[in-house]
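1. Coordinates for the following, if possible.
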Amino acid sequence: MLHNLNIEEVLFLDIETVPIAPDYSKLSENWQKLWAHKMQFKIDGGESADELYERAGIYAEFGKIICISAGYVTQKNGEYFFRVKSFYDDDEKKLISNFFNAWEKFSRAGKRRLCGHNGQEFDFPYIARRALIHSLRLPKIFDIAGAKPWEVKDMLIDTLQLWKFGDYKHYTSLSLLCELFNVPTPKDDIDGSQVGTVYWKENDLDRIVSYCEKDTLAVANLLLRYKGDKIIPFENLVSV
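-> Modelled structure (predicted):
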């Protein structure tokens, strides 16, 4: 499958998410109870709902998207380039709506497939769930609730699932696979665990966008390495 994959038909994406509120104390009493119930198994293990709240961003019910970076591979004179566009805003509904409008343009331009790392279990459903919360109509490629794996395999690519080769026992991070395949990643930037702090306490959305764009390139490079192809250096990353 990978040998015949046209890399220029793929739109790569990565999202950054944060808890819906700056900290647990800012939640209403009802939402505090709901969060505590969600985390009950960890609370029973000795952690508090307050301490656990920094992880809320990974749950679509308790978090929100602050950035979606989408990029694609182009060639010029036999050299690969990566063009990426980011959609970011404090207003999540506006952000997702703008991304959906852009997807329609991307798809008309020949981008027929989406690719993310752990996209099947995180990025793709997270976008869809948050869109529904905002009463946004889902593009066909995201309207996959209840779909079987073989019904979406021609639309959605997941570099994590490709690496599993049908093995469902464990998760392998993007950073680990990049190190394994000698794919360069930024060493002087934030990591996913710091995004909430950078957003809520430092108010530095631009820094998060830069991090998200580089992760999107890392996903593209990982897929290129799976194909046995050359990777795209950071200097060939073009933000538009």
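2. Count residues in the vicinity of Gly119, would you?
-> 24 (other Cβ atoms under 10 Å). Using the backbone N, CA and C atoms, a C-beta is placed for each residue, glycine as well.
3. whoops, I mixed them up, Ile190
-> So Ile190, with other Cβ under 10 Å, has 17 neighbours.
4. From Glu235, how far out is it?
-> For Ile190, the distance to Glu235 (Cβ to Cβ, to the nearest Å) stands at 21 Å.
5. Likewise for Leu114?
-> Taken as Cβ to Cβ, the span from Leu114 to Glu235 is 26 Å.
6. Which of these two has more residues huddled nearby?
-> Neighbours were counted for Leu114 and for Glu235 using other Cβ under 10 Å; Leu114 has more, 24 against 7.
7. Show the backbone phi and psi for that one.
-> phi -110, psi 140 (degrees, to the nearest 10).
8. ok, it - contacts?
-> Going by Cβ atoms under 8 Å, 6 or more residues apart in numbering, Leu114 touches Val10, Leu11, Phe12, Leu13, Phe124, Ile141, Met155, Leu156, Ile157.
9. let's see it at 10 Å
-> 10-13, 70, 103, 106-107, 123-124, 127, 141-142, 152, 155-158 (Cβ atoms under 10 Å, 6 or more residues apart in numbering).
10. is it in a bridge, and if so with what?
-> In this structure, Leu114 bridges to Leu11, Leu156 when assessed by DSSP bridges.
11. Domain map for the chain?
-> 7-15+66-239, 21-61 (automatic domain parsing).
12. sorry, back to before: from the contacts of Leu114, which would you call buried?
-> 10-13, 70, 103, 106-107, 123-124, 127, 141-142, 152, 156-158 (16 or more other Cβ atoms under 10 Å).
13. Go through those residues and flag which are in strands.
-> Val10, Leu11, Phe12, Leu13, Ala70, Leu156, Ile157, Asp158 (DSSP state E).
14. highest average neighbour count across the domains of the chain?
-> domain 7-15+66-239 (a mean of 17; mean count of other Cβ atoms under 10 Å).
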